[in-house]
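Engineer: for reference, the sequence and a predicted model appear below.
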Amino acid sequence: MSKKICLGIESTAHTIGVGIIDNFGNILSNEKMQFISKEGVGLKPFDVSIFHYDNAITVLESALRKAKLKMKDIDVISFSQGPGLAPCLSVSATLARTLSIKYNKPIIGVNHCISHIEIGKTLLKAKDPLIIYTSGANTQIIAKDENRYKIIGETLDIGIGNLFDSFARDLGYGFPGGPVLDEIYFKADRSKYIELPYSVKGMDLNFSGLLTHSKKIINNYPKEELVYSFMHTAYAMLLEVTDRALSYTKKKEVMVIGGVAASKALKEMLEIFAKQNKIKLFIPPMVVCVDNGLIIADLGLKHYIHNYKNGMKLKDTKINSKFRTDQVIINW
């Protein structure tokens, strides 16, 4: 097969990213810029979209320059079609359509969640893992069944990443707050674990009770002990559902993906979990756990080769902020 090169554009939430990869798995570039807020202020979608529009061309030019390519060298353009924040999603979609029309290149919109799964499989060579998807807006347990990724468990309210960012904001930290909590986690006296609301319903999770109760007692305990107990409880809920999913699917591999996969606290608990269950654990490199354009390019190229030889029609490239993982046909 001749070499094909895909340029992927990511803008589902806080990151505007452009990545370039070829069909032999060679990573040519992966450039990005991330929106960061001041202390006590969260992520406002409109403000973030303006940040993305202001920086999109800069990131694009940086990615092409690092790859030592020009747009004429690109075979296909992909972009994050959803799920995500609509104002942010509009940025990658608009840029992708503009480039597609200007340079007469095929265009493909991809599912952001599946892009995290597929880059893990591309880089780590996992065969058939149970997938723990942990990001800002999403927390799902996923398994491939025939030609779709099926969701067999998920959060019923907020994603675990947003859970951490929200609690960090109440503690006075800016966005992103998850990495800050992850550092505090390891400073706590673990013998002083605080019992907090724990809500698992079959294969699904509820995090809102944990968040609401923890906010009420912020001033009642040392910060380190509360943060440790808060994160440990959330991860314990996640691993209980994962354990149940392993019993159901009989899979021998687990892969954790999404931005929260970069958490050292989660990694510590997962390594213990994997050893106890005698399974293989896969955690992609941090650079592809967080949002980035490379994961979009990787999935776009796979769709281009197996599903869309001529790309999508422009009318089919509308953003979909509620794009479900199980809506996509996987032909590879």
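Structural biologist: Okay, I see it. These numbers come from a predicted model, not from an experiment. Numbering: from 1, shown residues only.
Engineer: so which helix or strand takes in Ile114?
Structural biologist: In the assignment (DSSP states H and E), Ile114 maps to helix 112-124.
Engineer: send me that helix as PDB with only the CA atoms.
Structural biologist: What follows is helix 112-124, C-alpha atoms only, in PDB (Å, rounded to 0.1, in the frame of the first residue of the first chain):
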ATOM      1  CA  HIS A 112     -13.400  11.800  19.600                       C
ATOM      2  CA  CYS A 113     -14.000   9.000  22.100                       C
ATOM      3  CA  ILE A 114     -13.100   6.300  19.600                       C
ATOM      4  CA  SER A 115     -10.000   8.300  18.600                       C
ATOM      5  CA  HIS A 116      -8.600   7.800  22.100                       C
ATOM      6  CA  ILE A 117      -9.300   4.000  21.800                       C
ATOM      7  CA  GLU A 118      -7.700   3.600  18.400                       C
ATOM      8  CA  ILE A 119      -4.500   5.600  19.200                       C
ATOM      9  CA  GLY A 120      -3.900   3.300  22.200                       C
ATOM     10  CA  LYS A 121      -4.300   0.300  20.000                       C
ATOM     11  CA  THR A 122      -2.000   1.800  17.300                       C
ATOM     12  CA  LEU A 123       0.800   2.600  19.700                       C
ATOM     13  CA  LEU A 124       0.500  -0.200  22.300                       C
END
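Engineer: which strands or helices does it pack on?
Structural biologist: strand 76-82, strand 130-134, strand 139-145, strand 148-154, strand 253-257, helix 286-289, helix 293-306 (3 or more Cβ pairs under 8 Å, 6 or more residues apart in numbering; DSSP states H and E). C-beta here means a position set from N, CA and C on the backbone, and glycine is covered the same way.
Engineer: Ala96 is in contact with Ser78, isn't it?
Structural biologist: Yes - using Cβ atoms under 8 Å as the test, Ala96 is close enough to Ser78 to be in contact (7.2 Å).
Engineer: what do these two both touch?
Structural biologist: Applying Cβ atoms under 8 Å, 6 or more residues apart in numbering, one finds that Ala96 and Ser78 are jointly contacted by 9, 107, 109.
Engineer: so what's the nearest residue to Val254 once chain neighbours are set aside up against?
Structural biologist: In this structure, Val254 finds its nearest non-sequential neighbour in Leu130, 5.1 Å apart by Cβ to Cβ, 6 or more residues apart in numbering. For Leu130, the contacting residues are 141-143, 242, 245-246, 249, 251, 253-255, by Cβ under 8 Å, 6+ apart.
Engineer: of the residues you listed, which is the most crowded?
Structural biologist: With neighbours defined as other Cβ atoms under 10 Å, the most crowded of these is Ile142; it has 27 neighbours.
Engineer: go ahead and confirm that residue touches Glu118.
Structural biologist: No - judged on Cβ under 8 Å, Ile142 makes no contact with Glu118 at a distance of 11.8 Å.
Engineer: averaged pLDDT, stretch 28-45. What do you get?
Structural biologist: Mean pLDDT, computed over stretch 28-45, is 83.
Engineer: in that stretch, what counts as buried?
Structural biologist: In terms of neighbour count (16 or more other Cβ atoms under 10 Å), stretch 28-45 has its buried residues at 28-35, 37, 43, 45.
Engineer: now do stretch 169-186
Structural biologist: Across stretch 169-186, burial judged by 16+ other Cβ under 10 Å covers 169, 171, 173-182, 184-185.
Engineer: ok, stretch 151-164 next?
Structural biologist: Neighbour-count burial for stretch 151-164 flags 151-155, 158-164 (criterion: 16+ other Cβ under 10 Å).
Engineer: between those residues, which is closest to Arg324?
Structural biologist: Ile151 (7.5 Å; Cβ to Cβ).
Engineer: where exactly do the strands run in the stretch 101-250 of the chain?
Structural biologist: 107-111, 130-134, 139-145, 148-154, 200-201, 204-205 (DSSP state E, counting those that start in this stretch).
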